[in-house]
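1. Okay, sequence plus prediction incoming.
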Amino acid sequence: MRILPVVCQLFCVFTLEAQTDWPVYGHDPSGTKFSPLAQITRDNVSQLKIAWTYRTGDLFDSKLERKEPAHEATPIFVDGTLYFNTPFGKVIALDPVTGKPRWIHDTKIDLMGDYGDFASRGVSTWVDPKAKPGAPCRRRIFVAPIDARLIALDAATGTPCADFHEVDLTSSLRTKPEFKGEYEETSPPAVINDLVIVGSGIADNNRVDAPSGEVRAYDARTGKLRWTWYPLPVSLKAGAANAWSIMSTDAARNLVFIPTGSPSPDYYGGLRPGNNDYANSVVALNAKTGKMVWHFQTVHHDLWDYDVASQPLLFDIGKTPAIAIGSKTGNLFILNRETGKPIFGVEERPVPKSDVPGEVASPTQPFPILPKPLVPQRLTAADAWGATEADRKWCTEKIRSLRADGVFTPPSLKGTATFPGNIGGMAWGGAAFDPQHDLLIIPTNRLAALIKLLPRADFKEERRSHLEAEVAEQKGAPYAMSRQFLLTPDRKPCNAPPWGTLAAIDTKTGEKRWEVPLGEFAPGHPELGSPNLGGPMVTGGNIVFIGAAFDSHIRAFDVETGKLLWTGDLPNSARANPMTYQGPDGKQYVVISAGGHKGVNAIGDYVIAFALP
């Protein structure tokens with residue numbers, strides 16, 4: 001009579017822990033960013049208050065001169081503790097109720113590297129099933145700091161695991177970096193079975209033969225290399241095609257899903273002919289061997305920096321295992337995750353040709369039949385927008401002077417208006433999936449960019465004259481490049497608002513259920529939206545939480561309608577994904593890192609938790 005209640009009790013405890021934790025960057029290995037917690041509901045979300053605030057101290061270092069941290073971490077919550085990393089290499093464990101540190105480990109990164117950003121998005125965890133409960137490093141926290149190492153720490157103490165040999169991730173590369181910071185790590189590793197899998201961040205537009213973008217798997221106990229997968233063949237004169245964003249895993253199918261970026265350099269491909277097949281793709285690898293199972297390419301022969309920037313999201317459509325792939329183009333591809341075949345159809349459509357000597361652009365590009373593009377994909381002089389008549393006239397003349405033939409218009413010597421620009425479309429914050437309503441929740445950007453190729457002989461003079469643009473050498477190519485957002489002299493976008501949106505896609509039909517502006521780029525004008533860097537979270541309380549916008553707020557939306565339910569104040573903006581957990585006090589907490597947006601507002605070092613009174 002007593003056996004059944006005991007078994008039930010054990011099962012119920014296990015289930016409750018699984019529901020109340022947030023054990024992976026995207027809540028689960030599938031990257032759904034969905035938590036079933038429902039203490040916070042549509043009826044009471046407006047009562048949320050700040051429960052605690054923690055400051056990391058990573059704001060400025062005198063050695064860095066102009067370099068600033070990019071605090072983008074989403075904490076994980078396991079065994080009653082929050083874990084995350086910081087831009088300058090600390091790994092921190094916090095009490096989930098008070099926000100006070102339990103331990104801090106400094107990985108002592110080399111601050112003098114020429115890193116693109118001191119970005120940190122999170123850590124990963126693994127429990128060794130062969131270790132006894134309470135044994136040192138039975139649960140491990142894996143971190144890959146920006147200076148490209150792989151480190152294992154004891155989750156209980158923060159002490160490095162003695163049996164895991166710290167890995168120098170630059171040591172076994174096929175093509176090595178020229179300088180410290182050309183090759184870096186910004187995202188948490190993927191963990192599947194007893195493997196830790198890492199990609200890399202590689203400096204854009206520095207040189208043709210950039211560091212190789214291989215993906216590698218290491219033994220979770222020892223740090224020994226188990227396999228390597230190369231996205232580009234040795235014969236191709238290019239590097240990168242690296243996986244800098246978040247990977248997803250499917251342990252039941254023994255698959256790891258790799259989102260890859262563009263081959264080097266981004267804006268000239270004359271030395272890397274063809275589609276460059278595994279770049280700008282999601283690649284499904286056998287997790288045990290690293291062998292490719294299938295791949296789907298979102299952009300052929302990329303010339304626009306249209307990386308697959310967001311985490312592949314795994315979910316089911318009825319009994320069909322699916323995967324959603326977001327692109328900076330604004331195209332969302334929904335595929336069968338066992339085969340890579342489109343569920344709602346994909347067609348190749350003709351796109352503009354290149355007029356640059358030596359460049360052969362792909363004559364077609366893939367477009368999903370459904371869902372339809374989530375952002376506009378064409379900006380002509382007739383589409384020019386301005387807050388004033390003078391702004392509109394300036395934008396009209398500027399666009400008229402450029403190539404502007406719609407999405408996939410190749411870079412040119414006169415300058416090309418690319419829409420969407422190089423932050424998307426869909427950026428690295430990615431999508432969330434609500435299994436209760438079969439909805440994908442997706443933030444997007446709507447911001448045009450101006451891309452110009454610079455003849456090598458004119459590079460130095462052009463660099464002096466392009467003071468507001470990012471100018472890069474693209475060494476080894478006949479052209480350097482400059483890029484900047486297409487803004488008026490007083491920094492207003494030349495394309496019509498909203499400049500950022502939040503949308504819901506019905507996964508049963510592929511149709512858009514709702515769409516609303518996200519954020520306030522201009523205070524007091526929510527209809528304009530805001531560019532955003534960061535993603536959403538959905539909860540069992542039927543709520544979408546998201547920061548991401550350039551303003552200093554976190555917001556809650558009704559997942560079924562897109563109605564704004566609550567706006568929470570932050571000390572500065574949050575370019576990170578939120579997470580949630582149930583603490584040992586029984587309260588549901590919503591946590592977000594508020595690190596600010598470089599060049600937009602103040603840089604911050606905050607981790608902030610909200611809860612009901």
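-> All right, it came through fine.
2. going forward, measure contacts and count neighbours with C-alpha atoms only.
-> OK.
3. To which secondary structure element is Trp385 assigned?
-> Using DSSP states H and E, Trp385 is not contained in any helix or strand.
4. how far does the host helix or strand of Val191 sit from the chain's center?
-> Assigning secondary structure by DSSP H and E places Val191 in strand 190-192. Relative to its chain's centre, strand 190-192 lies at 17 Å (CA atoms, centre = their mean, to the nearest Å).
5. Contacts for it next, please.
-> Applying CA atoms under 8 Å, 6 or more residues apart in numbering, the contact partners of strand 190-192 are 124-126, 196-198, 246-249, 251, 287.
6. Kindly confirm my reading that Trp394 is in a helix.
-> Yes - per DSSP: H, G, I helix; E, B strand; the rest coil, Trp394 lies within a helix segment.
7. right, and the helix or strand after the least confident helix or strand in the chain by mean pLDDT?
-> The least trusted helix or strand in the chain, going by mean pLDDT, DSSP states H and E, turns out to be helix 3-20, with a mean of 39. Using DSSP H and E, the helix or strand that follows helix 3-20 towards the C-terminus is strand 34-35.
8. other SSEs contacting the next helix or strand after that following strand?
-> Following strand 34-35 in sequence order, the next helix or strand is strand 49-55 (DSSP H and E). Contacts defined by 3 or more CA pairs under 8 Å, 6 or more residues apart in numbering; DSSP states H and E place strand 49-55 against strand 606-611.
9. Apply 10 Å and report the result again.
-> Counting contacts by 3 or more CA pairs under 10 Å, 6 or more residues apart in numbering; DSSP states H and E, strand 49-55 packs against strand 564-569, strand 588-594, strand 606-611.
10. Mean pLDDT and distance to Ser281 added to the ones you listed, as a markdown table?
-> A markdown table is the format used below for these (pLDDT from 0 to 100; distance: least, CA to CA, whole Å):
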| stretch | mean pLDDT | distance to Ser281 |
| --- | --- | --- |
| strand 564-569 | 98 | 34 |
| strand 588-594 | 98 | 29 |
| strand 606-611 | 98 | 33 |
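11. Deepest-packed of the ones you listed, please.
-> Greatest average neighbour count among the helices and strands packed on strand 49-55 goes to strand 588-594 (a mean of 25), per mean count of other CA atoms under 10 Å.
12. tilt between it and strand 606-611?
-> Here strand 588-594 points in a direction 160 degrees away from that of strand 606-611 (axes from the mean of the first three to the mean of the last three CA atoms, to 10 degrees).
13. Quick check: neighbours of strand 588-594 in the sheet, parallel or antiparallel?
-> strand 579-582 (antiparallel), strand 606-611 (antiparallel) (DSSP bridges).
14. wait, which of these is closest to Phe485?
-> Across those, Phe485 has its closest neighbour in strand 606-611 (28.3 Å, CA to CA).
15. where do the strands sit along the stretch 351-500 of the chain?
-> 364-368, 416-418, 432-434, 439-445, 449-455, 470-472, 479-485, 500-506 (DSSP state E, counting those that start in this stretch).
16. related to what we said a few turns ago, quick check: PyMOL command selecting the buried ones in the contacts of strand 190-192.
-> Per 16 or more other CA atoms under 10 Å, the buried members of those correspond to this PyMOL selection:
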select buried, resi 124+125+126+196+197+198+246+247+248+249+287
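17. Which of the contacts of strand 190-192 fall in helices?
-> Within these, no residue falls in helices by DSSP state H.
18. okay if I get the contacts of strand 190-192 as JSON lines plus distance to Ile92 and pLDDT?
-> Putting the contacts of strand 190-192 into JSON lines (distance: CA to CA, whole Å; pLDDT from 0 to 100) gives the following:
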{"residue": "Ser124", "distance to Ile92": "13", "pLDDT": "98"}
{"residue": "Thr125", "distance to Ile92": "13", "pLDDT": "98"}
{"residue": "Trp126", "distance to Ile92": "17", "pLDDT": "98"}
{"residue": "Val196", "distance to Ile92": "20", "pLDDT": "98"}
{"residue": "Ile197", "distance to Ile92": "22", "pLDDT": "98"}
{"residue": "Val198", "distance to Ile92": "21", "pLDDT": "98"}
{"residue": "Ile246", "distance to Ile92": "20", "pLDDT": "98"}
{"residue": "Met247", "distance to Ile92": "22", "pLDDT": "98"}
{"residue": "Ser248", "distance to Ile92": "24", "pLDDT": "98"}
{"residue": "Thr249", "distance to Ile92": "25", "pLDDT": "98"}
{"residue": "Ala251", "distance to Ile92": "28", "pLDDT": "97"}
{"residue": "Ala287", "distance to Ile92": "29", "pLDDT": "98"}
